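Chemist: Predicted model, plus sequence, below.
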Amino acid sequence: MKKFYIIWTGQIVSMLGSGLSGFGLGVWIYQQTGSATQFALTALFMMLPNLVVGPLGGLLADRFDRRKLLAISDCGQAAGTLVIAALLFSGRLEVWHIYVAVVSGGVFNCFRWPAFNAMLPSIAPKQHLMRINGLVSAGEAATMIAAPLLAGLLVAGVGLAGVLIIDVITFMIGMGLLFTIRIPKLERRIEAAAVHIGSRTRNYWRMAVNDTREGWTFLRDRGALVSLLVFFAFTNFSLGMIETVFTPLVLSVGSVRTLGATSSIAAVGMLLGSIAISMWGGPRRRMQLILGFGALQGVIAIVVGWQTSVATLMFGAFSYVFLFPIIGAACNSLWQTKVPNELQGRVGAVRMMAFNVVRPLSFFLAGTLSDHVFGPRGLVMVMGAVTVLGTIGAYAYPRIRGLEAELPDLLGDDLPAAQAA
């Protein structure tokens, strides 16, 4: 676990720096323009690269040194931050500069997580995968909570320029820790790729298509994994619907202060859930946990929509989000143990493409259905019921319920993927 802890620490430090600068730049935009729309555009520009470039990160994670990809991600984001800092010092910073930097940083960040997640099975034993996935979620939750608090103090104390410099330093720390350890070399299946190697080097588009096809072929030949992918796409669709109407639902019974408090409680729930799964390690039968807790989330949504009040919203936000890192750790460990190490990135790219299709659709439909059909409360209840029925249907389907028995783990009980191979 030592290698994981070193890399994880570096990535947490780097994420914290990004959170600090993101908060500071958002405040600067609002102070300069007084426009909530221009402030909100920052989040949109941060999300767009993931929709467009996200799958490419998974493909590259199977083709290049994953540690170098993490380093490139840190260097690229640090360079963008330095440019913004230079413009700020010279008095030339404008809002559109920040938008460009946010898009650029989002593109580089698309290389970070596929490489990091694909690296985990090669540096930690199989029995610890749920635990380390829980720690990854705990780190994300901790930065979500700590970054706004620290950024508020730092912006007041050292100014936005100081916050940007701190961000660059955190990137350097993260990159430095990467190169203090050795990572097992990724072994690709050269026999399968040799036929296409000439065309791939000449045509990067064909390379991406071929690599995506390889990931999809692996899934197609294992129908249980396709069923699992469909189920997770369905749950992400339900999550997107509920997430979209969360703010209107809270504001229908409370104030903006209530919304802030509920969001903070949800973040704490995510942190505690992450800590819980990292300490517990999870059960051996992961599908039972995923389906059981998924159904429980649906029940929580039904209760919150049925008896909407400040108290039920806070309880629902905490408990609903508390289950996320537990389900996510079980889900990630399933993919990490059922997919060969050299295909982790490509299969991850297919997964990301499926999720990127359903999430925007859920955001679009949620607004329409909430405004013209169900209202926020009714939509939350409906999606809760749909979630419960969906998990029951998944449990009734033998390919999903028996996935762990049908597909053996591809890692040894005590060895990381590279050593097991």
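Modeler: Received the coordinates, thanks.
Chemist: Mind jotting down where the strands sit in the stretch 201-350 of the chain?
Modeler: In the stretch 201-350 of the chain, no strands are defined using DSSP state E, counting those that start in this stretch.
Chemist: Now do the spatially closest residue to Leu164 that is not a sequence neighbour against Arg112, distance only.
Modeler: Take Leu164 and drop its neighbours on the chain: the residue closest to it by Cβ to Cβ, 6 or more residues apart in numbering is Ala85, 4.1 Å away. All C-beta atoms are positioned from the backbone trio N, CA, C, and that covers glycine. Relative to Arg112, Ala85 is positioned 21 Å away (criterion: Cβ to Cβ, to the nearest Å).
Chemist: does the residue nearest to Leu164 belong to a helix or a strand, and which?
Modeler: Taking DSSP states H and E as the definition, Ala85 sits inside helix 66-89.
Chemist: Same check on Arg182?
Modeler: Using DSSP H and E, Arg182 falls outside every helix and strand.
Chemist: I'd like to know how many residues surround it.
Modeler: Neighbour count of Arg182, defined by other Cβ atoms under 10 Å: 9.
Chemist: Just read off the phi/psi values of it.
Modeler: The phi and psi values for Arg182, taken as degrees, to the nearest 10, are phi -100, psi 140.
Chemist: re the thing from before, the helix holding Ala85 packs against which elements?
Modeler: Secondary-structure packing of helix 66-89 (3 or more Cβ pairs under 8 Å, 6 or more residues apart in numbering; DSSP states H and E): helix 2-33, helix 54-63, helix 95-123, helix 129-178.
Chemist: tilt between the shortest one and helix 95-123?
Modeler: It refers to helix 54-63. With axes from the mean of the first three to the mean of the last three Cα atoms, to 10 degrees as the basis, helix 54-63 and helix 95-123 are set at 40 degrees to each other.
Chemist: And the last one, by the same measure?
Modeler: For helix 129-178 and helix 95-123, the angle between their directions (the same axes, to 10 degrees) works out to 120 degrees.
Chemist: returning to what we had before: how about a markdown table for the helices and strands packed on helix 66-89, with mean neighbour count and distance to Ser319 added?
Modeler: A markdown table is the format used below for the helices and strands packed on helix 66-89 (neighbours: other Cβ atoms under 10 Å; distance: least, Cβ to Cβ, whole Å):
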| stretch | mean neighbour count | distance to Ser319 |
| --- | --- | --- |
| helix 2-33 | 20 | 25 |
| helix 54-63 | 24 | 30 |
| helix 95-123 | 22 | 26 |
| helix 129-178 | 19 | 15 |
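Chemist: could you dump the ones you listed to TSV with mean pLDDT and distance to Ala276?
Modeler: Shown next, in TSV, are these (pLDDT from 0 to 100; distance: least, Cβ to Cβ, whole Å):
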stretch	mean pLDDT	distance to Ala276
helix 2-33	83	17
helix 54-63	72	28
helix 95-123	83	19
helix 129-178	82	7
